[in-house]
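>>> Curious how this folds, go ahead:
(chains A, B and C)
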Amino acid sequence: MEGLNIPLNHILLIASLLFVIGMLGLMIRRNIIFILMSLEVMLNSAALAFVAAGAHWGQPDGQIVFMLILSIAAAEVAVGLSLVLQVQRRFRSLDMDSLDWMRG
Amino acid sequence: MLEIILFYIAATVALVSTILAMTRANAIHALIYLIVSLLAVAVIFYLIGAPFVAALEIVIYAGAIMVLFVFVIMMLNLGAKGDAREKTWMRPSVWVGPALLTIVLFAELLYVISSAEGPVSTGVVGAKQVGLSLFGPYVLAVEIASMLLLAGLVGSFHLGRRYLDRAPSSELGHQQEGE
Amino acid sequence: MRELIGLIPLIPLLSSATLMLFAGHLSRFAIGLLGVGSVGIAAILTAKMGIDFLGNPEVFKVTLWTWMQVGTFSSDVAFYFDGLTLVMMSVITGVGFLIHLFSTEFMEEDVSYARYFAYLNMFVAAMLILVMADNLLLLYLGWEGVGVCSYLLVGFWYQNSANGYAARKAFIVTRIGDTLMALGLFLLFTELGTLDIQALGDAAKDKWQVGDSMPLIACLLILGGAVGKSAQLPLHTWLPDAMAGPTPVSALIHAATMVTAGVYLIARTHELYLFAPIAMIAVALVGLATSLMAAFTALTQHDIKRILAYSTISQIGYMFLALGVGAWTAGIFHLMTHAFFKALLFLGSGAIIHCLHHEHNIFKMGGLRTRMPVTFWSFMIGSAALAALPMTSGFFSKDQILLQAYQVDGIGPWLWFGGLVGALLTAVYSFRLVFVVFFGQVNTEPDKDTGWRMVIPLSLLCILAMMGGWIIIPVTQVFPLAVFEHPAHWVEYVSIAVPIVGVIIAYLIFLGGQLKVDVFTNSFVMQKLQQFWFSGWRIDWLYDQLLVRPYYGLARALKLEPVDNFYRLVVTISQTFNQWLSAGQSGQMRRYITSMVFGLIVLLAILVRAS
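Now for the predicted structure:
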């Protein structure tokens, strides 16, 4: 792979764009499924930034953090989707705004 | 040179498909776009010298996790009525404010990453290196990750049961009628 | 016989309890019989004891039971009987009996007949305990007991709120003096280790030197108690208002007995006062100042009972003067004669008020000489004794006081002169009262005349007021013999002449009209002075400004609950915060996310700036 030089800041730019898109989705969407998807996008973008940084220094640490993020994402999705099922069962709705029973 | 072109193509695909995924009304469509996005990111991983991670991205992210989404969406059986409602939720008045906040955050991120210079990758960091350090200095992190996964397993098993407790109270039932 | 001494206060007390408990089951006759009879029996027992004592003058002490015992302190319910006790008991039961008898007619139309006699009997019992007590603690019990009875009887007609106010005033003002006295008792106990009156005298001889500061403080504190109870300056303001009570009550409590308790207290503790010459002078000066102040005030009043009230204050001032100059025998003698003639005057005024539709203003009376002859003669004799005209009882006692005051080293002639001015004023105002009420034209017709139950006490008191001066009170054992050098003859002549001059002045102004004083009294200065005297030297006003109003102000400030408001403010603040934070707790997940993003932006901005 001689001579290849993808600039680091471009990758980070991609990562942050993905992150803010995910965050925008998180704030806009009311459907819980989409909220979980947005979270996936954000986690993925963070993972991208880690791997890119690890590659920049030629170290495996970034990839290891990627794996940790992966396991977090897996666990989160497992629990989150179970909750989605429960919410649908109980409220017959996936609207996040209608689930405001914890209003103070 | 090819790698660079590939990178920009992959990056563009990732961004576009992510934006599309975020804006779809139909959950399955959104999910397909998301898988495309993840695959594009996997390409980027491969290009910056992390083939192992690229494989994991495809297998676990795009494969396992997204399939989980698909299963759940199928179980929910949302239908066209839900799609129409999703569209009404996406009015400009809803997203203008968050968009402004996001732009501010993005500007800050830009400022932060502007100082990062140099090429992203000087070589391949392969699965062997990753494995060595994973079970070397990071073995504790592996343990923690396994704990987390176990907790996720138990949690999803518990939450995923058909009824968590007794039948919803009458008040709750009344609320559901109103929905 | 001696053991029966305990019965003397017990019988009125039992009668009082009976009247309180079974008032509804007793006829008015039975109530009167019980009320008067109990005091009558006490009077007979006292007379018996007095005869025994005069035959065999032996001081004795009867211990009934141990009242309380705490550590080394113990107090007995014990009665001490000597000449002084005998004099006081005779006055209380004797005059008390006559006043009770008088009351049966005076109060015959009152609905609360039984309550009245219950209080009055309780008063007699408490007063007897006061004078018979062997130790100061038991004395204090009686002291407070008479205070309570005074309160109850001043506010007897409690339906009128002004009477309740007067009763509270009497109670609270005397309470100031009582507090001082209690402090004095504490001091005596800590200093001398006992409250037994006789033991106190012995202990004082061992521990104190004449002129020490400790006896001075103790004696001044006791003087404070005496001043409060005996309505001397500056705590005299309650007595004129206490006239709101029924007139026989004024005669018994606020003229003959209770208000002289201060005199008795100082006489009883005279052994302590001997160690504090400054306190003695203080007693004399308080007495003289009070007697002059009250005499001037009495001169301007037109309520018959207020005139007599200020006159009482003035006469007790003489007793204090006597005590202060060491003329204890004269002081107690004056106490006794004063009890006779002042009770007579009060009962006389009660008879007038009773027969004149509760009229109090002397200028609406007049010409009663022919309408109420018994009352007229009572008043004549009482006023003569009050003015100390020769051969009346008041003459003997007041003359002794003035002569002994003259002999005090240094300030003696001044005290004598002040006393003479007071005597002159006394003669003027007492005969002003007589001339205005009984001579001149009839302004109000009496609708009835006095019945026998009024006539008998008045007649007996007339005799006592005339002849009381010949009684030789058996107190020679009690008090140290006064070194009595007979002063120059002119002193005595002047002392005798002054009251006569006073009577002549009163005659010329108020009856004969030869002395035209209108020009003088209508002048601006005199008008102002008259108003000043009429208001009791503005002392009520002064106390109102100094004490009552600041207290009301404080009460009003506290009514706004400043402390509570502070804590309420804390509550309000935390509730406001709670509302704000609850508003933040919307339950809207997306809002939480948005605020988290906002926080993220801020944090990131800080980090970027810091790096």
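
>>> Mind pulling up the pLDDT for residue 82?
Here I'm looking at chain A. We have a pLDDT of 90 for residue A:82.

>>> looking at chain B here, not the other one
Per-residue pLDDT puts residue B:82 at 73.

>>> what's the longest helix in the chain?
The chain I'm using is chain A. In chain A, with assignment by DSSP state H, the single longest helix is helix A:61-91.

>>> Actually, chain C is the one I wanted.
helix C:161-192.

>>> The helix or strand that it is followed by vs helix C:161-192, what angle?
Later in the chain than helix C:161-192, the nearest helix or strand by DSSP states H and E is helix C:197-207. With axes from the mean of the first three to the mean of the last three C-alpha atoms, to 10 degrees as the basis, helix C:197-207 and helix C:161-192 are set at 50 degrees to each other.

>>> And the contacts of helix C:197-207?
Where contact means C-beta atoms under 8 Å, 6 or more residues apart in numbering or on different chains, the residues beyond helix C:197-207 that reach it are C:80, C:133-136, C:139, C:188, C:191-194, C:215, C:268-269, C:271-272, C:275. (Glycine included, C-beta is placed from N, CA and C.)

>>> Kindly report the residues of chain C close to chain A.
Applying C-beta under 8 Å from any C-beta of the partner chain, we find that chain C lies next to chain A at C:581-590, C:593-594, C:597.

>>> again, only using 10 Å
Proximity of chain C to chain A (C-beta under 10 Å from any C-beta of the partner chain) is limited to residues C:578-579, C:581-591, C:593-594, C:596-597, C:600.

>>> give me the low-pLDDT residue ranges for chain A?
A:1-4, A:104 (pLDDT under 70).

>>> Apply 90 and report the result again.
A:1-11, A:25-33, A:53-62, A:83-104 (pLDDT under 90).

>>> Can you tell me the centre-most residue of chain C?
Geometric centre of chain C, nearest residue: residue C:259, 3.2 Å, by C-alpha atoms, centre = their mean.

>>> mind listing what that one touches?
Residue C:259 makes contact with C:146, C:150, C:174, C:229-232, C:236, C:239, C:242, C:253, C:309, C:312-313, C:315-316, C:319, C:335, C:338, C:342, according to C-beta atoms under 10 Å, 6 or more residues apart in numbering or on different chains.

>>> give me that answer again for 8 Å
Residue C:259 neighbours (C-beta under 8 Å, 6+ apart): C:229, C:230, C:231, C:239, C:253, C:312, C:316.

>>> what's the answer for residue C:342, then?
C:251, C:255, C:256, C:308, C:311, C:312, C:315, C:382, C:386.

>>> again, 7 Å this time
C:255, C:256, C:312, C:315 (C-beta atoms under 7 Å, 6 or more residues apart in numbering or on different chains).

>>> Pull the most distant pair out of the residues you listed.
For those, the maximum inter-member distance is 11.0 Å, found between C:256 and C:315 (C-beta to C-beta).

>>> Could I get the phi/psi values of residue B:114?
Per-residue torsions, residue B:114: phi -60, psi -20 (degrees, to the nearest 10).

>>> And for residue C:509?
Dihedral angles (degrees, to the nearest 10) for residue C:509: phi -80, psi -50.

>>> Count the neighbours of it for me.
19 (other C-beta atoms under 10 Å in any protein chain shown).

>>> so where is the stretch 251-400 of chain C shaky, pLDDT-wise?
For the stretch 251-400 of chain C (pLDDT under 90), the answer is C:251-260, C:268-282, C:294-307, C:318, C:322-332, C:347-380, C:384-400.

>>> go again using 50 as the cut-off
Scanning the stretch 251-400 of chain C for pLDDT under 50 picks out nothing.

>>> before we move on, what about chain B?
The model of chain B has pLDDT under 50 over residues B:170-179.

>>> Now do the contacts for residue C:132.
C:9, C:79, C:80, C:85, C:89.

>>> Same question for residue C:531.
Per C-beta under 7 Å, 6+ apart, neighbours of residue C:531: none.

>>> before we move on, back to that, now, of the contacts of helix C:197-207, which are buried?
Neighbour-count burial (16 or more other C-beta atoms under 10 Å in any protein chain shown) is assigned, among the contacts of helix C:197-207, to C:80, C:133-136, C:139, C:188, C:191-192, C:194, C:215, C:268-269, C:271-272, C:275.

>>> So which of those sit within helices?
C:136, C:139, C:188, C:191, C:192, C:215, C:268, C:271, C:272.

>>> Please tell me I have it right and the last one contacts residue C:217.
No. Proximity of residue C:272 to residue C:217 does not meet the contact threshold set by C-beta atoms under 7 Å, at 11.0 Å.

>>> Checking my notes, residue A:101 in a helix, right?
No. Counting by DSSP: H, G, I helix; E, B strand; the rest coil, residue A:101 falls outside a helix, being coil.

>>> helix, strand or coil for the nearest residue to it once chain neighbours are set aside?
In space, and not counting its chain neighbours, residue A:101 is closest to residue C:587: 6.2 Å by C-beta to C-beta, 6 or more residues apart in numbering or on different chains. Assigned by three-state DSSP, the conformation of residue C:587 is coil.

>>> tell me the contacts of residue C:587?
A:100, A:101, A:102, A:103.

>>> Just give the number of residues close to residue C:399.
20.

>>> and it, what element?
Residue C:399 belongs to helix C:393-406, assigned by DSSP H and E.

>>> okay, the angle between the helix or strand just after that helix and helix C:393-406?
Next helix or strand after helix C:393-406 toward the C-terminus (DSSP H and E): helix C:412-438. Interaxial angle of helix C:412-438 relative to helix C:393-406 (the same axes, to 10 degrees): 160 degrees.

>>> Pull out the buried residues from helix C:412-438.
Buried residues in helix C:412-438 (16+ other C-beta under 10 Å): C:412, C:415-416, C:418-438.

>>> ok, back up a step: tell me the helices and strands packed up against the longest helix of chain C.
In terms of contacts (3 or more C-beta pairs under 7 Å, 6 or more residues apart in numbering or on different chains; DSSP states H and E), helix C:161-192 is packed against helix C:136-154, helix C:197-207, helix C:213-229, helix C:238-241.

>>> Does anything pack onto the third one? Which helices or strands?
This means helix C:213-229. Looks like helix C:213-229 contacts helix C:161-192, helix C:261-268, helix C:270-273, helix C:277-300 (3+ C-beta pairs under 7 Å, 6+ apart).

>>> Let's see that with 8 Å instead.
helix C:136-154, helix C:161-192, helix C:261-268, helix C:270-273, helix C:277-300 (3 or more C-beta pairs under 8 Å, 6 or more residues apart in numbering or on different chains; DSSP states H and E).

>>> How about the longest one?
With contacts taken as 3+ C-beta pairs under 8 Å, 6+ apart, helix C:136-154 sits against strand C:73-81, helix C:113-132, helix C:161-192, helix C:197-207, helix C:213-229, helix C:261-268.
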